[in-house]
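Participant: build me a structure from this.
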Amino acid sequence: MDQPPFRDVTLGDLLTRLARALPDRDAVVYAQGPRWTFRELEQEARTIARGLVALGVSPGERVVVWATNVPEWIVLQFALAKIGAILVTANTSLRARDIDYLLRQSEAATLVTISGFRDVDYVAELGKIGATAGTIATLKRIIAVGETTAAALAALAGPSDPVAVVRYADIAGHATRVAETHLDTLVQVVVPDTVINMQYTSGTTGFPKGVMLSSRNILNNGFACGQVLGYTPHDRLCLCVPLFHCFGCVIGVMGAFTHGACLCVVEAFDPKRVLEMVHRERCTALYGVPTMFIAELEHPEFSSYDLTSLRTGVMAGSLCPEPLMRRVMKDMNLSEITIAYGLTEASPVITMTPRASSVEQRSQTVGVLLPEVEARIVDSESGRVLATGERGELCTRGYHVMKGYYNNPDATRAAIDAEGWLHTGDEASVDADGYFRITGRIKDLIIRGGENIAPKEIEDRLREHPAVADAYVYGVADAFFGEAVAAAIRLKPQSQAGPEDMTAWCAGSLAKFKVPKHVRFVEDFPMTASGKIQKYKLREDHEGKLKLKT
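Facilitator: Take a look at the predicted model:
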């Protein structure tokens, strides 16, 4: 009988193999929710897959999942993969214009959603774009997770609205209309290179692009991460990072499941719930961005939880300061914690620090290349390959490189050259021992707590304000998030506005994490001789002023 670890299989087949090899082992555990073994999760995924087919979901169809780490998310990840449908992940902070763009650009036929998250009411946002009224031509159905969501969507939809509202709880009942043998036929058509996942990532254009990923991309990348972490079926991962990110659905789900490890899932990050989960379930691994680990360490009840079961995990999103790394290793018992670097277009991990790396290597580098992954440092202008220690753009090639951007061949060609090298846009160097250091960014992105933010989208919104003549957005150093969104704004003559007016204006239509934390008004912008705005000067000047205030 096949035993984990597994690689080079489809997502649908992975769960089937796990159900046969480890039928009675815990697969997924929730604090207030289901506790599935691999056999039970396989059965649940097959039932939901058959129900979705009965409702009309077909191979290749884009299905947007807009939800926190609810149990249905993981079931859908495997159910849709068995059908050959494409799971499109949606950030839980999106607002009306964001989800409207995502649904239209992905040409989604199905949306699965919860009622909302934190201060965003998803149903109200869908109402703003007329989601049930047929305003999005491709959208056929909205599946509501939870009774509250179903009731709210039913109230939103008019009797003649063409988009069907379906309760997730009713999908299993529809499964009786589709034979198990029919599902088996669909499963057999799906191959490792079939696109089964799409994730939207921001670029310098300000328009998010749909990164198309296959089982070969994400399952093998998860497998490689699990190998570095030393996972076995005895491991239990406390998964508190969002499933809509590669960090959650690839490094998390695929990293664990390829090795038969159990997922102990926290629906939305809360430091106390994370500590409780590790304590109760005796978790051996924990993931997060540096800000998450800080929140856990600084929780007032931290010392009351037993974390001695922990040994390893992944920190990503931004570099970890050495003092924090030492605290995580000592006070949280994460002696084998690793650092991972990558991007969605690379499925996502390119490099990781081995578990035996020194504290300095874990806090000052992003590790070494994963097996079967190539990388080189090139001069971004000439394309010349640079020598050890020289700084340039990090390019990567291998099985992990995306299939391309959905319906965007020009952007795909700009990202992946004729030789198959993916240009990351990150400035890096590599030392004689093969450890990579990320030294900056060539592309104009802000990374706030692991979230990629395109400045242009925020700039466009600011320029729509009647008092604004021009605006530029950039990142400034932030002790908690790594970077914070900042804006320099030039007002129109005789116009008056304050920073709070600008943040309120942005908050009205942008996701919360995109709203500028720091706003300042300027008379003019620093420019090159050719008239190009020098954002690095705006950043340096703004950071200097912020330091003077503290």
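Participant: which residues are in contact with the longest helix anywhere in the chain?
Facilitator: Ordering each helix of the chain by length in residues (DSSP state H) puts helix 38-54 first. With C-beta atoms under 8 Å, 6 or more residues apart in numbering as the test, helix 38-54 has contacts from 12, 15-16, 18-19, 21-25, 27-28, 36, 74-76, 78-80, 82-83, 85, 110, 171-175, 177-180, 182-183, 186, 260. From N, CA and C alone the C-beta is placed, and that goes for glycine too.
Participant: helix, strand or coil for the nearest residue to residue 167 once chain neighbours are set aside?
Facilitator: Using C-beta to C-beta, 6 or more residues apart in numbering and skipping the chain neighbours, the partner closest in space to residue 167 is residue 150 (4.6 Å). Using DSSP: H, G, I helix; E, B strand; the rest coil, the structure places residue 150 in helix.
Participant: what's the neighbour count on residue 150?
Facilitator: 21 (other C-beta atoms under 10 Å).
Participant: any idea which helix or strand carries residue 7?
Facilitator: Residue 7 belongs to no helix or strand when elements are defined using DSSP states H and E.
Participant: do the same with residue 412
Facilitator: Using DSSP H and E, residue 412 falls in helix 409-415.
Participant: report all helices and strands that that helix contacts.
Facilitator: In terms of contacts (3 or more C-beta pairs under 8 Å, 6 or more residues apart in numbering; DSSP states H and E), helix 409-415 is packed against strand 404-405, strand 422-430.
Participant: one more time with 10 Å, if that's ok
Facilitator: strand 209-214, strand 404-405, strand 422-430 (3 or more C-beta pairs under 10 Å, 6 or more residues apart in numbering; DSSP states H and E).
Participant: figure out which of those strands is closest to residue 315.
Facilitator: Across these, residue 315 has its closest neighbour in strand 422-430 (17.4 Å, C-beta to C-beta).
Participant: my guess is residue 445 meets residue 425, correct?
Facilitator: Yes. In this structure, residue 445 is within contact of residue 425 by C-beta atoms under 10 Å, at 7.3 Å.
Participant: using CSV, write out the CA atom coordinates for the helix or strand containing residue 75.
Facilitator: Element membership of residue 75, judged by DSSP H and E, is helix 71-83. Only the C-alpha atoms of helix 71-83 are listed here, as CSV (Å, rounded to 0.1, in the frame of the first residue of the first chain):
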residue,chain,number,x,y,z
PRO,A,71,-14.1,23.9,7.3
GLU,A,72,-15.9,24.2,3.9
TRP,A,73,-12.8,25.9,2.5
ILE,A,74,-10.6,22.8,2.8
VAL,A,75,-13.4,20.5,1.6
LEU,A,76,-13.9,22.6,-1.5
GLN,A,77,-10.1,22.7,-2.2
PHE,A,78,-10.3,18.9,-2.8
ALA,A,79,-13.8,18.6,-4.1
LEU,A,80,-13.2,21.2,-6.8
ALA,A,81,-9.9,19.5,-7.7
LYS,A,82,-11.6,16.2,-8.2
ILE,A,83,-14.0,17.7,-10.6
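Participant: how about it: buried residues?
Facilitator: 71-83 (16 or more other C-beta atoms under 10 Å).
Participant: any chance of the residues you listed in JSON lines, plus distance to residue 226 and pLDDT?
Facilitator: Shown next, in JSON lines, are the buried residues of helix 71-83 (distance: C-beta to C-beta, whole Å; pLDDT from 0 to 100):
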{"residue": "71", "distance to residue 226": "22", "pLDDT": "98"}
{"residue": "72", "distance to residue 226": "24", "pLDDT": "98"}
{"residue": "73", "distance to residue 226": "20", "pLDDT": "98"}
{"residue": "74", "distance to residue 226": "17", "pLDDT": "98"}
{"residue": "75", "distance to residue 226": "21", "pLDDT": "98"}
{"residue": "76", "distance to residue 226": "22", "pLDDT": "98"}
{"residue": "77", "distance to residue 226": "16", "pLDDT": "98"}
{"residue": "78", "distance to residue 226": "17", "pLDDT": "98"}
{"residue": "79", "distance to residue 226": "22", "pLDDT": "98"}
{"residue": "80", "distance to residue 226": "22", "pLDDT": "98"}
{"residue": "81", "distance to residue 226": "18", "pLDDT": "98"}
{"residue": "82", "distance to residue 226": "22", "pLDDT": "98"}
{"residue": "83", "distance to residue 226": "25", "pLDDT": "98"}
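Participant: which of the residues you listed lies closest to residue 474?
Facilitator: Distances from residue 474 to the buried residues of helix 71-83, taken by C-beta to C-beta, are shortest for residue 73, at 33.5 Å.
Participant: which residues are in contact with the closest one?
Facilitator: Neighbouring residues of residue 73 by C-beta atoms under 10 Å, 6 or more residues apart in numbering: 65, 67, 87, 89, 112, 114, 145, 242-244, 248-249, 253, 265, 267.
Participant: among those, which lie within helices?
Facilitator: residue 253.
Participant: let's see which of the contacts of residue 73 end up in strands.
Facilitator: Under the assignment DSSP state E, the contacts of residue 73 contribute 65, 87, 89, 112, 265 to strands.
Participant: of those, closest to residue 193?
Facilitator: Out of the ones in strands among the contacts of residue 73, the member with the shortest distance to residue 193 (by C-beta to C-beta) is residue 87, at 16.3 Å.
Participant: can you give me the pLDDT of the closest one?
Facilitator: Residue 87 is assigned 98 on the pLDDT scale.
Participant: thought it was touching residue 76?
Facilitator: Yes. Residue 87 lies in contact with residue 76 (C-beta under 10 Å); the separation is 6.4 Å.
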